[in-house]
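Colleague: structure here, sequence nowhere to be found:
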Ligand code: AMP
């Protein structure tokens, strides 16, 4: 869960990169960084914290250059150390700055190959640094003294052949230009935009189209799965598919939770997809409970679920009410380390409007249930506020398996639906009735926006991994993602 943005402009780009990162901030609040090319020099500033905390006015104005990349980070692999803030940099060949969103599933193999065969030192635990070094190594092999688009395409093809996982990447090659590429299955998103200025055409590539909108770039298209898009220093664009045909399987969790509703991904409006999720869920509720469902009000759990809740309420013919008010000035509860902190912070984050609950049968709606911490607490809060019956609906199916492509999910043992039936989760949460979206309905809700989309990465719901995963990888992830491991890393 990271946000990336790159711009090749005709004038200074640092402040646009900064603005773009603030719009992508929901994708990662842990660290942020910007790299620009200032003549023959690379300017780089990065640090831990929100974009607005890492940069100040004078810091941004020192990042000279017409071409640059930015990154905001939510750690999915490695630690939260400042050393792992991006962009990363290697000085050979050319000098390359690199920003990556996603996660590799063969990092350890690549790390070993880098060290033993390619003689490259990796200084952090980050898979992004590994990926950068694979790219650097492959570019070095292609080096003919005069880098061309063809060399870059070959190097990216070699990266695709070696790396396995979900990745959207931006590489800034000094003296050459910006290279954007996406994994062969197109799991992680990346979108290309352009704008005309008095100085000529400018290009931007970002994780979400909303960053392009805000900067005045027109969304041109998504970077294709396995494709590399090059925009040279001189503003020439070259694009080529660099991987053999593979199943196009964008991450469905972007539509459920991660992406902003005002983004277009794979030509699908995230907002409209969420509306359709609500409609499908309403159909299921009507199927299971009949028209006399007895629900007096639909109450969304802010913020993501609001869109699905609005269409769900409309389709059920009951009012949607804002019964929960969120304090926007504390971080996401999920981010807090350790279960104790997480429980406390739900109460700090959300408060009930009692009158919306008192003596009513309420249907609480969330976009997804992960650990169940939020849901359990809110169900109790609804009861404390005087609700007669508390029903619960999740706009996504049960999350039962780890996500290995860059969505931060806890260890399987911490997922409330892992190894439990829906009835058991209902009991565990303390709900009077629980309903989950069916996976086929979720898939329909997204693909109805673009009939070319036939497949998705649905691994956290289905346990099917489109790239395959090596034996032992999932077990290793389990140890890294457990609360105990996270607490240990934070205190190290
Ligand atoms: P939980 O208490 O773990 O069930 O949290 C579920 C809530 O976390 C939902 O309201 C989602 O909006 C949000 N959520 C879902 N996936 C993630 C994620 N990967 N990281 C942070 N928050 C998430």
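Modeller: Right, received. Where do you want to start? Because the structure is predicted, anything quoted here is derived from the model rather than measured. Numbers count the residues shown, from 1 in each chain.
Colleague: in the stretch 101-250 of the chain, what residue lies closest to the ligand?
Modeller: residue 103 (12.2 Å; C-beta to the nearest ligand atom). Glycine gets a C-beta too; all of them are placed from N, C-alpha and C.
Colleague: can you map out the strands along the stretch 301-450 of the chain?
Modeller: In the stretch 301-450 of the chain, the segments counted as strands under DSSP state E, counting those that start in this stretch are 324-326, 350-352, 361-366, 389-394, 433-436.
Colleague: what's in contact with the first one?
Modeller: Looking back up the chat, that one is strand 324-326. 299-303, 349-353, 378, 381 (C-beta atoms under 8 Å, 6 or more residues apart in numbering).
Colleague: need the nearest residue in space to the residue of the stretch 151-300 of the chain found nearest the ligand, chain neighbours excluded.
Modeller: Using C-beta to the nearest ligand atom, the single residue of the stretch 151-300 of the chain nearest to the ligand is residue 257, 4.5 Å away. Distances taken as C-beta to C-beta, 6 or more residues apart in numbering put residue 367 closest to residue 257, at 5.0 Å, once the chain neighbours are dropped.
Colleague: got the contact list for the one you found?
Modeller: Counted by C-beta under 8 Å, 6+ apart, residue 367 has contacts 256-257, 274, 304-305, 308, 394-396.
Colleague: which parts of the lengthiest helix in the chain are buried?
Modeller: Criterion DSSP state H: the longest helix present in the chain is helix 270-289. Residues of helix 270-289 classed as buried: 270-282, 284-285 (neighbour count, 16 or more other C-beta atoms under 10 Å).
Colleague: mean confidence for that helix?
Modeller: Mean per-residue pLDDT for helix 270-289: 98.
Colleague: same check, this time on stretch 396-411
Modeller: The model assigns stretch 396-411 a mean pLDDT of 94.
Colleague: how far does that stretch sit from its chain's centre?
Modeller: Relative to the centre of its chain, stretch 396-411 is centred 12 Å away, using C-alpha atoms, centre = their mean, to the nearest Å.
Colleague: repeat for stretch 225-232
Modeller: The chain centroid and the centroid of stretch 225-232 are separated by 20 Å under C-alpha atoms, centre = their mean.
Colleague: please renumber so the chain begins at 64
Modeller: I'll keep to 64 as the first residue from here, and by that count the last item is stretch 288-295.
Colleague: wait, residue 446 touches residue 452, no?
Modeller: No: assessed by C-beta atoms under 8 Å, residue 446 is found out of contact with residue 452, at 9.4 Å.
Colleague: contact residues of the stretch 114-263 of the chain facing the ligand?
Modeller: By C-beta under 6 Å from any ligand atom, no part of the stretch 114-263 of the chain sits against the ligand.
Colleague: in the stretch 114-263 of the chain, where is pLDDT below threshold?
Modeller: 138-143 (pLDDT under 70).
Colleague: tell me which stretches of the stretch 164-313 of the chain form strands.
Modeller: Using DSSP E, counting those that start in this stretch, strands in the stretch 164-313 of the chain cover 228-236, 240-245, 254-260, 263-269, 281-285, 290-295, 300-304.
Colleague: adding mean neighbour count, write the ones you listed out as a markdown table.
Modeller: Listed next are the strands of the stretch 164-313 of the chain as a markdown table, based on neighbours: other C-beta atoms under 10 Å:
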| stretch | mean neighbour count |
| --- | --- |
| strand 228-236 | 27 |
| strand 240-245 | 28 |
| strand 254-260 | 18 |
| strand 263-269 | 23 |
| strand 281-285 | 16 |
| strand 290-295 | 23 |
| strand 300-304 | 17 |
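Colleague: CSV for those strands, including distance to residue 512?
Modeller: Output for those, formatted as CSV (distance: least, C-beta to C-beta, whole Å):
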stretch, distance to residue 512
strand 228-236, 20
strand 240-245, 19
strand 254-260, 15
strand 263-269, 20
strand 281-285, 13
strand 290-295, 21
strand 300-304, 23
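Colleague: so which of those gets nearest residue 110?
Modeller: strand 228-236 (18.7 Å; C-beta to C-beta).
Colleague: circling back: doesn't the residue of the stretch 214-363 of the chain closest to the ligand fall inside a strand?
Modeller: No: secondary structure of residue 320 (DSSP: H, G, I helix; E, B strand; the rest coil): helix, not part of a strand.
Colleague: that one and residue 431 touch, don't they?
Modeller: Yes: between residue 320 and residue 431 there is a contact under C-beta under 8 Å: 5.6 Å.
Colleague: who has more neighbours, the two?
Modeller: residue 431 (22 against 19; other C-beta atoms under 10 Å).
Colleague: wait, the more buried one sits on residue 315?
Modeller: No: using C-beta under 8 Å, residue 431 makes no contact with residue 315, being 10.8 Å away.
Colleague: work out for me the element residue 134 sits within.
Modeller: Assigned by DSSP states H and E, residue 134 belongs to strand 130-136.
Colleague: how far does that strand sit from the chain's center?
Modeller: 15 Å.
Colleague: now do the buried residues in that strand.
Modeller: Those would be 130-136, for strand 130-136 by 16+ other C-beta under 10 Å.
Colleague: other SSEs contacting that strand?
Modeller: Secondary-structure packing of strand 130-136 (3 or more C-beta pairs under 8 Å, 6 or more residues apart in numbering; DSSP states H and E): strand 66-71, helix 77-86, strand 94-101, strand 159-167, strand 228-236, strand 240-245.
Colleague: do you know which of those lies nearest residue 213?
Modeller: The minimum distance between residue 213 and those falls on strand 240-245, with 12.7 Å, by C-beta to C-beta.
Colleague: for burial, what's the neighbour tally of residue 74?
Modeller: 11.
Colleague: so it, which of the three states?
Modeller: coil.
Colleague: pLDDT below threshold where in the stretch 314-463 of the chain?
Modeller: Short version for the stretch 314-463 of the chain, where the test is pLDDT under 70: 394-408.
Colleague: name the residues of it found near the ligand, please.
Modeller: So the stretch 314-463 of the chain meets the ligand at 320, 364, 367, 395, 397, 429-438 (C-beta under 6 Å from any ligand atom).
Colleague: who does the helix or strand just after the strand holding residue 134 pair up with?
Modeller: Next along the chain after strand 130-136, taking DSSP H and E as the criterion, comes strand 151-153. Strand 151-153 has the following strand partners under DSSP bridges: strand 159-167 (antiparallel).
Colleague: now the partner strand: buried residues?
Modeller: 159-167.
Colleague: let me know the closest of the residues you listed to residue 280.
Modeller: residue 162 (17.5 Å).
Colleague: so residue 207 versus residue 156, what's the distance?
Modeller: 11 Å (C-beta to C-beta, to the nearest Å).
Colleague: for residue 237, that is, sorry about that
Modeller: 10 Å.
Colleague: look at the two and report which has more neighbours.
Modeller: Using other C-beta under 10 Å, the more surrounded residue of residue 237 and residue 156 is residue 237, with 20 against 17.
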